[in-house]
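S.K.: build me a structure from this.
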Amino acid sequence: MSSQEQHTQVKYSEVSPFQISDGFTRNTRMEPVKTIRIFIAAIAANISAFAVGTCLGWTSPMSPKLKAQDPTDSPLDRPITTEEDAWISSLVALGALIAPFVAGPLADRIGRKWVLLSSSVFFVFAYILMMVASEVWILYLGRLIQGFGVGFVMTVQPMYVGEIATDAVRGATGSLMQLFIVSGILYVYAIGPYVSYVALQWCCLAVPIVFDVIFFFMPESPYYYAGKGQKTDALNSLQFLRGQSMDVVQDEMTVIQGEVEEAMANRGTVVDLIRNTGNRKALIISAGLIVFQQLSGINVVLFNSQSIFVSADTGLDPAVAAIIIGAVQVGSSGMTPIIADRLGRKVILLISAFGMAIGLAALGAFFYVQQVVGDASNITWLPVPALVVFNIVYCIGFGPLPWAVLGEMFPANVKSVASSIVASTCWILGFIVTRWYPALDALGSYYAFWLFGIFCVVAFFFTLFVLFETKGLSLQQIQDKLNGKRSN
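M.R.: All right, here's what the predicted structure looks like:
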């Protein structure tokens, strides 16, 4: 073989996106995947995550308005109590833990795209309710309905993004959700303190409408079409997402069709999820990461940023401090899509757990000095950098990556069941933590933050000993690893 022929063969190997099962290559291998199209669809889907962020960050600027003694900028005619504030904060999680059991089956019946689009109905209705609320129970209902929308998005969005991406960019696209969630949080942090109560509801209501307009033009998941026997639609979806000719996407379509047919022939239930060794390992890993994500206390920080800074009495305007934290979250979340497929999930999660423990330990130490020792004047600078460290490492690791891992851990036949269970686990713990944080905080804020820090230490060792690296592995190779098989 001449050196020119060898060079040509190497070039073909480098750009080939697929390997033909019979060992032969085609000239169409020179058509690279246009990953920009995958990112366009993933970004469009993640505008729904931006809407989720507006719900999660809503209480931080709104609680001070609702608790104000002069209710001129509140829909209510009296200040809310601490107990009512706790319910307003936590009811989103309660709605979100119920929704996955509806969203998961619906995703298999009407498609991932239409379930995501339908989530906007909940967001729009909730913001209208909260705009016209005259009683606390209407705010409760609005937050509960917001939770349904959040649950729809958090269940189906990782499924959709995981199925439209190639192996090479799946980590990057999967971690976009956290970036968009924290961008939504920053949106309300930055606007909420400086506009009226009603104006913020209008600003938040616009987000799901924009999402529907943009995402309507994106393709459905090719996996969904393949499962419904709509091969032509699946091929068209792949062509849009890959930017390749029909000949090239036929190769990937064959792989997808095989995976879906196997999944349909072995349609899974909750029993199969528990009984199968690989599925059981995947559930332990995925649910475990989500559990530690919530036990890190992230929802307490998100829902109560302004209140935390008021309690800390740092001398910095609490609204400005919350905006700084929100900006840090956005900046650090933007790093994850860049590094997720370079460093790998496991390394980033280990760094994240360690960093969160340090940040929470420092924050707990500040409140201990303030509330027990009695004079924290020398360390009033500490809460902001402590929360900055916590938020940076959370947003590059335990924020996005548990959802990215969830999207790639399960075979198609149990994916919707598993997603529903894991998402509900997330929100059960989210509800418990946010609902009873005020009671724990009443004993001393340092108790709460040190307890969250201990959970982060446990998360470090869970990641170290239980999670395996999925960087660069195909979905099939991940399944082989979970089931103890040797990949080809």
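S.K.: quick one: contacts for the closest residue in space to Gln371 that isn't next to it in sequence?
M.R.: Using CB to CB, 6 or more residues apart in numbering and skipping the chain neighbours, the partner closest in space to Gln371 is Gly444 (5.4 Å). C-beta coordinates here come from the backbone N, C-alpha and C atoms, glycine included. Residues near Gly444 by CB atoms under 8 Å, 6 or more residues apart in numbering: Phe367, Tyr368, Gln371, Val372.
S.K.: could the residues you listed be laid out in a markdown table, adding neighbour count?
M.R.: Shown next, in a markdown table, are those (neighbours: other CB atoms under 10 Å):
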| residue | neighbour count |
| --- | --- |
| Phe367 | 23 |
| Tyr368 | 17 |
| Gln371 | 15 |
| Val372 | 10 |
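S.K.: okay, and which of those map to helices?
M.R.: Phe367, Tyr368 (DSSP state H).
S.K.: from Ile323, how far off is the residue nearest to Gln371?
M.R.: Gly444 is 27 Å from Ile323, where distance means CB to CB, to the nearest Å.
S.K.: check the gap between the residue nearest to Gln371 and Leu235 for me.
M.R.: Counting by CB to CB - Gly444 and Leu235 are separated by 61 Å.
S.K.: quick check: closest non-adjacent residue to Val198.
M.R.: Met131 is the one closest to Val198 (CB to CB, 6+ apart), at 5.7 Å.
S.K.: so that neighbour, which state does it fall into?
M.R.: Under the three-state scheme (DSSP: H, G, I helix; E, B strand; the rest coil), Met131 adopts helix.
S.K.: contacts only, for it.
M.R.: Met131 neighbours (CB under 8 Å, 6+ apart): Pro75, Val198, Gln201, Trp202, Leu205.
S.K.: what is the strand or helix carrying Ile40 packed up against?
M.R.: Remark: Ile40 resides in helix 35-57, with elements defined by DSSP states H and E. Helices and strands touching helix 35-57, by 3 or more CB pairs under 8 Å, 6 or more residues apart in numbering; DSSP states H and E, are helix 112-132, helix 136-164, helix 170-174, helix 176-191, helix 197-215, helix 231-242, helix 298-303.
S.K.: let me see the ranges of the helices in the stretch 201-350 of the chain.
M.R.: Assigned by DSSP state H, counting those that start in this stretch, the stretch 201-350 of the chain shows helices spanning 222-227, 231-242, 246-265, 270-275, 277-295, 298-303, 305-312, 318-333, 336-343, 345-368.
S.K.: quick one: stretch 68-82 to chain centroid distance?
M.R.: Distance of stretch 68-82 from the chain centroid (CA atoms, centre = their mean, to the nearest Å) equals 32 Å.
S.K.: what residues sit buried inside that stretch?
M.R.: Using 16 or more other CB atoms under 10 Å as the test for burial, stretch 68-82 gives Pro71, Ser74, Pro75, Leu76, Ile80.
S.K.: which one of the residues you listed is nearest to Ala362?
M.R.: Of all the buried residues of stretch 68-82, Ala362 sits closest to Ile80, with 31.0 Å by CB to CB.
S.K.: pull the contacting residues for Met177.
M.R.: Asn46, Ala49, Gln157, Pro158, Val161, Pro400, Trp403, Ala404.
S.K.: residue ranges with poor pLDDT in the protein?
M.R.: 1-30, 263, 265-266, 303-304, 306-307, 312, 314, 487-488 (pLDDT under 70).
S.K.: returning to that earlier point: the inter-axis angle of the helix holding Ile40 versus helix 231-242?
M.R.: Helix 35-57 and helix 231-242 are oriented at 90 degrees to each other (axes from the mean of the first three to the mean of the last three CA atoms, to 10 degrees).
S.K.: which is the succeeding secondary structure element to helix 35-57?
M.R.: helix 59-67.
S.K.: now do that following helix: which elements does it pack against?
M.R.: helix 82-98, helix 176-191, helix 197-215, helix 298-303, helix 305-312, helix 318-333.
S.K.: relative to helix 176-191, how tilted is the last one?
M.R.: Translated: helix 318-333. 160 degrees.
S.K.: what about helix 318-333, distance to the chain center?
M.R.: 18 Å.
S.K.: likewise for the fourth one?
M.R.: Using CA atoms, centre = their mean, the distance from the centre of helix 298-303 to the centre of the chain it belongs to is 14 Å.
S.K.: packing partners for that helix?
M.R.: Secondary elements touching helix 298-303 (3+ CB pairs under 8 Å, 6+ apart): helix 35-57, helix 59-67, helix 383-393, helix 415-443.
S.K.: list the contacts of that helix.
M.R.: So helix 298-303 is contacted by 56-57, 59-60, 89, 93, 185, 308, 325, 387, 390-391, 394, 398-399, 430, 433-434, 437, 448, 452 (CB under 8 Å, 6+ apart).
S.K.: need the three-state assignment for Ala448.
M.R.: Ala448 ends up helix, using three-state DSSP.
S.K.: distance-wise, check the nearest residue to it once chain neighbours are set aside relative to Val433.
M.R.: Distance criterion CB to CB, 6+ apart; nearest residue to Ala448, sequence neighbours excluded, is Leu440 at 4.6 Å. Separation of Leu440 from Val433 (CB to CB): 9 Å.
S.K.: check the spacing between the residue nearest to Ala448 and Gln371 real quick.
M.R.: 13 Å.
S.K.: what does Ile392 give?
M.R.: 26 Å.
S.K.: kindly report the same for Ser305.
M.R.: Between Ser305 and Gln371 the distance is 19 Å, computed by CB to CB.
S.K.: go on, Lys113?
M.R.: Taken as CB to CB, the span from Lys113 to Gln371 is 50 Å.
S.K.: equivalent analysis for Ser120, please.
M.R.: Distance from Ser120 to Gln371, by CB to CB: 43 Å.
S.K.: list the contacts of stretch 358-365.
M.R.: Contacts of stretch 358-365 (CB under 8 Å, 6+ apart): 296-297, 382-383, 385-391, 393, 445-450, 452-453, 456.
S.K.: of the residues you listed, buried ones?
M.R.: 296-297, 382-383, 386-391, 393, 445-450, 452-453, 456.
S.K.: touching, Gln476 and Ile256? I think so.
M.R.: No. Gln476 is beyond contact range of Ile256, at 11.2 Å (criterion: CB atoms under 8 Å).
S.K.: just the C-alpha atoms of stretch 350-359, please, in PDB.
M.R.: In PDB, the C-alpha atoms belonging to stretch 350-359 read as follows (Å, rounded to 0.1, in the frame of the first residue of the first chain):
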ATOM      1  CA  LEU A 350     -15.600  14.600  42.800                       C
ATOM      2  CA  ILE A 351     -14.300  18.200  42.500                       C
ATOM      3  CA  SER A 352     -17.900  19.400  42.900                       C
ATOM      4  CA  ALA A 353     -18.700  17.400  46.100                       C
ATOM      5  CA  PHE A 354     -15.400  18.400  47.700                       C
ATOM      6  CA  GLY A 355     -15.900  22.100  46.900                       C
ATOM      7  CA  MET A 356     -19.500  22.200  48.100                       C
ATOM      8  CA  ALA A 357     -18.400  20.700  51.400                       C
ATOM      9  CA  ILE A 358     -15.800  23.400  51.800                       C
ATOM     10  CA  GLY A 359     -18.200  26.200  50.900                       C
END
